[in-house]
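Enquirer: Provided below are the primary sequence and the corresponding predicted coordinates.
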Amino acid sequence: MPCRRQSPIGKCLSKYRDVKHDYKDNINHLFFAFRNGEEKGFDFFFREYYAALCYFAFRITNDKMVAEEIAEESFIKLWERHANFESAGALRSFLYTTTKNACLNEKRREASSRKRESIVAATIDEDNILQKMIESELYHEIFIAINTLPPKCSQIFKMLYIEGKDYLQIARELNLSINTVRNQKARGILLLRQRLSMTITATLLLHYLSRL
C-alpha cells in the first residue's frame, strides 16, 4: 500500500469542506478521469463521500478518530483499484462495503481484546447497518446542500455542525454579533428545508420501509 503522501488524500483533506458541488453534472466525466488515474477524479469522489463515510463509520465504532482513519483507508484502497470500476455506483458501493467491513473488524478486535463477544453480535445486525448507511446518505445530501448556501451562511453552518463550535466561538472568529450568527443559522435552515424537502421525504420513507 502506498504511503499517504503518495495519494491525493492529504491534499483533499485540507480543502474538501470548502468546495461547491457545482460540477455534479460532470460526474461521468469525472468518473472516467478517476478510472484513468487522474487526481481530479479522485478529488471529486473524495469530497463527495468522505464526510458521509466518516459519519457512517462513527455510527458503528463510536470513535471519531477511528472512523476518520477507516474512511481514509477506504479511499486508499479505492485509489489502488481505480482502474477496476465500471460505474460511479460501483465505486460508491465499494466505499460503503469497505468501510462497513473495516468497522466490523475493529469491533471484533475490541471484543476479542476485552473478551466481550456480545459486542460483535450486537454490531453485526444488517438492519442496524442499513439504518446507519441511510443516515450517512442523508448526511451526505445535507452536506452537499450546505455547500450551495450563500458563502457566509454556509461557513457558519459548517462551523456549527461540522466543527462543533458554539455561537460565541463563531461570533468571535468571524467578528460578528451572536445575533448575526443566529440569524444566519435560521436563514440556512429555511433554505435547506426548501432545497432538501424531497430528498429528506424520500430518505425517511426508505428508512421507514427498511424497518417494516
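Expert: Ah, there it is.
Enquirer: residues near Glu39, how many?
Expert: By other C-beta atoms under 10 Å, the residues close to Glu39 number 15. Yep, even glycine has a C-beta here, placed from its N, CA and C like the rest.
Enquirer: give me phi/psi at it?
Expert: Here the main-chain torsion angles of Glu39 (degrees, to the nearest 10) amount to phi -60, psi -30.
Enquirer: skipping its backbone neighbours, what lies nearest the residue most central in space within the chain in space?
Expert: In the chain, the centroid-proximal residue (C-alpha atoms, centre = their mean) is Ala52; its distance is 1.7 Å. In this structure, Ala52 finds its nearest non-sequential neighbour in His140, 3.6 Å apart by C-beta to C-beta, 6 or more residues apart in numbering.
Enquirer: okay, and the one you found sits in which element?
Expert: If you go by DSSP states H and E, His140 is part of helix 126-146.
Enquirer: just give me how far the following helix or strand past that helix sits from the chain centre.
Expert: Once the chain leaves helix 126-146, the next helix or strand it forms, by DSSP H and E, is helix 151-161. Its chain's C-alpha centre and that of helix 151-161 lie 17 Å apart, by C-alpha atoms, centre = their mean, to the nearest Å.
Enquirer: buried sites along helix 151-161?
Expert: If you call a residue buried by 16 or more other C-beta atoms under 10 Å, then helix 151-161 has these buried ones: Cys153, Ser154, Gln155, Ile156, Phe157, Lys158, Met159, Leu160.
Enquirer: got it, and stretch 166-184?
Expert: Going by neighbour count (16+ other C-beta under 10 Å), the buried part of stretch 166-184 is Tyr167, Ile170, Ala171, Leu176, Thr180, Val181, Gln184.
Enquirer: same thing with stretch 135-154?
Expert: Those would be 135-147, 149, 153-154, for stretch 135-154 by 16+ other C-beta under 10 Å.
Enquirer: can you check stretch 67-85 too?
Expert: Buried, per 16+ other C-beta under 10 Å, within stretch 67-85: 67-76, 78-79, 82, 85.
Enquirer: sorry, back to before: the residue nearest to the centre of the chain contacts Ile134, correct?
Expert: No - taking contacts as C-beta atoms under 8 Å, Ala52 lies outside contact range of Ile134: 10.9 Å.
Enquirer: shared neighbours, the two?
Expert: Common neighbours of Ala52 and Ile134 are not found (criterion: C-beta atoms under 8 Å, 6 or more residues apart in numbering).
Enquirer: what segments of the protein are helices?
Expert: 9-13, 27-35, 39-61, 64-80, 88-114, 118-123, 126-146, 151-161, 167-174, 178-210 (DSSP state H).
Enquirer: make JSON lines out of those and add mean pLDDT.
Expert: JSON lines is the format used below for these (pLDDT from 0 to 100):
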{"stretch": "helix 9-13", "mean pLDDT": "47"}
{"stretch": "helix 27-35", "mean pLDDT": "89"}
{"stretch": "helix 39-61", "mean pLDDT": "88"}
{"stretch": "helix 64-80", "mean pLDDT": "94"}
{"stretch": "helix 88-114", "mean pLDDT": "86"}
{"stretch": "helix 118-123", "mean pLDDT": "50"}
{"stretch": "helix 126-146", "mean pLDDT": "72"}
{"stretch": "helix 151-161", "mean pLDDT": "86"}
{"stretch": "helix 167-174", "mean pLDDT": "92"}
{"stretch": "helix 178-210", "mean pLDDT": "69"}
